[in-house]
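Enquirer: what follows is a predicted protein model with its sequence.
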Amino acid sequence: FIIQNIKFMKSQIRNMSNTIKLGTTIFMFLAIFILQLEAQSEKQSTKGAVIVADYKEPVRFLDQAGENIDFGNELRGSIITEGQTVQVGIGGKVVLLFSNGTITTLQSQTKMKIGVFEQAPFDAGDKTISDLEGEPSESKVVIDLDWGSMVVKTKKLDRKSSFDINSPVGTAGIRGTEFQMSQSPGTGVQLDVTESTVAFTPPGGAPMPVSQGNGLDVSSSGVSTPRPVNPTVAQNTGATNQAATQSTNDISLGTVAEAMTEATISVEESGTNAESTEQGSSDASDSGDSQDAEVESAPAEKETTGG
């Protein structure tokens, strides 16, 4: 009887030991899974920042509601965030530094919105923008070019990154290149590539690669016409990117990282404010439509006052 009890107790101990091992294994898997979710959540919630490096009036900035943003008298160093819009009037321009190292010059009569800008945190060290050969961390950028012209120079993107510029007649996908893209409601898109390749994808169509030294015209009706790069546009692209590079080279990655932190907080706060005011009346919606019309007519107003 004693021997049987001992065997039974040994069996119970083995079962308990196996149960403990199984429980420990499950706990470890759950802990790793939770840590991965937290890391992914932190990564996804980190926003990229767009820094105003240089400008020439008239330039204005709009928040998600279409209201003017007041950055004061000196715009250099101001931070544009996801959901905000930059609008350049006749004779103006603005040089923008994206926190992934991309520089963009918006030319006269251009309106562009930062639709999406997500970027993983990175170690800034003592580096400046000029030290970067590629982007400092994985990013996702979506820009909406409503109208006008933008000259772009990107760093080599991480293989997991994406950089898209939307227009009514298609999307330009960038991997690391120099180009100029213009959008006009009447004539469509003109794309001129001076370095590397841009993939242009019409709505519902297949990507059309536009390589260095080539261009693409896409009419407002969606008809695509390949062509050589426009020599005048190519010259403007080179000169514009050279000037933009000079105005951004000395900006430290520490400044860029701080701008990302500020942008992340700003986007989170604006999202909270939007949720708190979401229950507005239909009258408020009507006034928003009127406000949008005023924003759209701004370039013509600037032309009248600037004459």
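Expert: Cool, the structure landed.

Enquirer: give the partner strands of the strand or helix carrying Trp147 in its sheet and their orientations.
Expert: Under the criterion of DSSP states H and E, Trp147 resides in strand 139-153. Paired strands of strand 139-153, with direction, are strand 103-106 (antiparallel), strand 110-119 (antiparallel), strand 162-167 (parallel), strand 178-184 (antiparallel) (DSSP bridges).

Enquirer: so the closest residue in space to Val86 that isn't next to it in sequence versus Gln84, what's the distance?
Expert: What sits nearest to Val86 in space, not counting adjacent residues and going by Cβ to Cβ, 6 or more residues apart in numbering, is Met112, at 5.3 Å. C-beta: built from backbone N, CA, C; applies to glycine. Going from Met112 to Gln84 by Cβ to Cβ, to the nearest Å gives 10 Å.

Enquirer: quick one: the helices in this protein?
Expert: In the chain, the helices defined using DSSP state H lie at 2-45, 231-248, 253-276, 282-296, 298-306.

Enquirer: what residues of stretch 210-227 count as buried?
Expert: Of the residues in stretch 210-227, 210, 214-218, 224 count as buried by neighbour count, 16 or more other Cβ atoms under 10 Å.

Enquirer: average pLDDT across it?
Expert: When pLDDT is averaged over stretch 210-227, the result is 95.

Enquirer: and for that stretch, what's in contact with it?
Expert: 168-170, 179, 184-200, 202-203, 208, 228-230, 233 (Cβ atoms under 8 Å, 6 or more residues apart in numbering).

Enquirer: and the two most separated of the buried residues of stretch 210-227?
Expert: Asn214 and Val218 (13.5 Å; Cβ to Cβ).

Enquirer: coming back round to it: pick the most buried one from the strands paired with strand 139-153.
Expert: Counting by mean count of other Cβ atoms under 10 Å, strand 103-106 has the highest mean neighbour count of those, with a mean of 25.

Enquirer: on that earlier part again, could I get the buried residues of stretch 210-227 as a markdown table with distance to Val267?
Expert: Formatted as a markdown table, the buried residues of stretch 210-227 follow (distance: Cβ to Cβ, whole Å):
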| residue | distance to Val267 |
| --- | --- |
| Val210 | 32 |
| Asn214 | 37 |
| Gly215 | 35 |
| Leu216 | 33 |
| Asp217 | 36 |
| Val218 | 32 |
| Ser224 | 35 |
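
Enquirer: which of the residues you listed lies closest to Thr46?
Expert: Thr46 has its nearest neighbour among those in Val210, at 31.6 Å by Cβ to Cβ.

Enquirer: how near is the closest one to Leu62?
Expert: Here the criterion is Cβ to Cβ. By it, Val210 lies 30 Å from Leu62.

Enquirer: ok, Asn18 next?
Expert: 64 Å.

Enquirer: Pro168 reaches Gln183, doesn't it?
Expert: Yes. Between Pro168 and Gln183 there is a contact under Cβ atoms under 8 Å: 7.4 Å.

Enquirer: go ahead and confirm Val233 touches Met181.
Expert: No. With contact defined as Cβ under 8 Å, Val233 does not count as touching Met181 (10.1 Å).

Enquirer: spit out the residues that contact these two alike.
Expert: 190, 192.

Enquirer: settle it for me: which of Asn18 and Leu62 has more neighbours?
Expert: Leu62 (21 against 10; other Cβ atoms under 10 Å).

Enquirer: now that one, nearest residue through space, not along the chain?
Expert: Thr85 (4.1 Å).

Enquirer: show me what the one you found is bridged to.
Expert: In this entry, Thr85 is beta-bridged to Leu62, Lys113, by DSSP bridges.
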